[in-house]
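S.K.: fold the following.
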Amino acid sequence: MSTTEELREAVVELVGCQVVEFSRTVNIAIVGFRNDTVEKRLHAQCPFRVTHRDQLLFGSADMRYRDTGDAETAFDEYRTKYDRQARQLTGMVTAHECFVTSADLGPAGLLSLGLDGPLTVTVLPACAGPNIEQWRLFDWHDTDRHYVYPDTADR
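M.R.: Numbering: from 1, shown residues only. Here you go, the predicted structure:
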């Protein structure tokens, strides 16, 4: 697990990284980042959203709403409103080289990332269980650099 200070340092390291992906795996929201030396991933199992100024573009709840096809299979086939918006935004941020401009770890694991655009990624832990992972930030190909909230190592 990770201490609060380790989490904060890992979050701040995102500043200057290029945003390369918005996606999901099952019900986990994913944001991908890249800098000169490493790829990073943010996996959010708690409420997650992406905004452009005051407009909500998509959030984790959008995984429940079908975009096309049968409502029963849309989630399993990655055809939800979340999936469509994530694909569109991934295309935009990769075409226009979008970078992280600010990164903050707030109270109770609140994670806020400012991106070019102006876009904001917000991760809001919403489960009080001390051993329930809410989000994880990690270097894509390095199993030693995983930072997990909640920071049960401090308790």
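S.K.: from here on, just use CA atoms for contacts and neighbour counts.
M.R.: Will do.
S.K.: how many residues are close by the closest residue to Asp104 other than its chain neighbours?
M.R.: With CA to CA, 6 or more residues apart in numbering as the measure, Ser112 is the residue that lies nearest to Asp104, at 5.3 Å, once sequence neighbours are left out. The local packing of Ser112 (other CA atoms under 10 Å) involves 19 other residues.
S.K.: pretty sure Ser112 contacts Leu119?
M.R.: No - counting by CA atoms under 8 Å, no contact exists between Ser112 and Leu119, whose distance comes to 10.5 Å.
S.K.: for the protein, which segments count as helices?
M.R.: With DSSP state H, the ranges of helices along the chain come out as 4-12, 71-74, 81-95.
S.K.: burial count for Arg84?
M.R.: Other residues within reach of Arg84, judged by other CA under 10 Å, total 19.
S.K.: can you check Val12 too?
M.R.: Neighbour count of Val12, defined by other CA under 10 Å: 16.
S.K.: hey, what's the residue nearest to Asp104 bridged with?
M.R.: Assessed by DSSP bridges, Ser112 has beta-bridge partners Asp104, Thr122.
S.K.: make 46 the starting number, not 1.
M.R.: Understood, numbering begins at 46; the last thing we discussed is Ser157.
S.K.: residue contacts, it?
M.R.: Shown in contact with Ser157 (CA atoms under 8 Å, 6 or more residues apart in numbering): Ala148, Asp149, Leu150, Gly151, Thr165, Val166, Thr167, Val168.
S.K.: only whichever of these are buried, select them in PyMOL.
M.R.: For the buried members of those, the matching PyMOL selection, counting by 16 or more other CA atoms under 10 Å, is:
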select buried, resi 148+149+150+165+166+167+168
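S.K.: before I go, just wanted to say thanks for your time.
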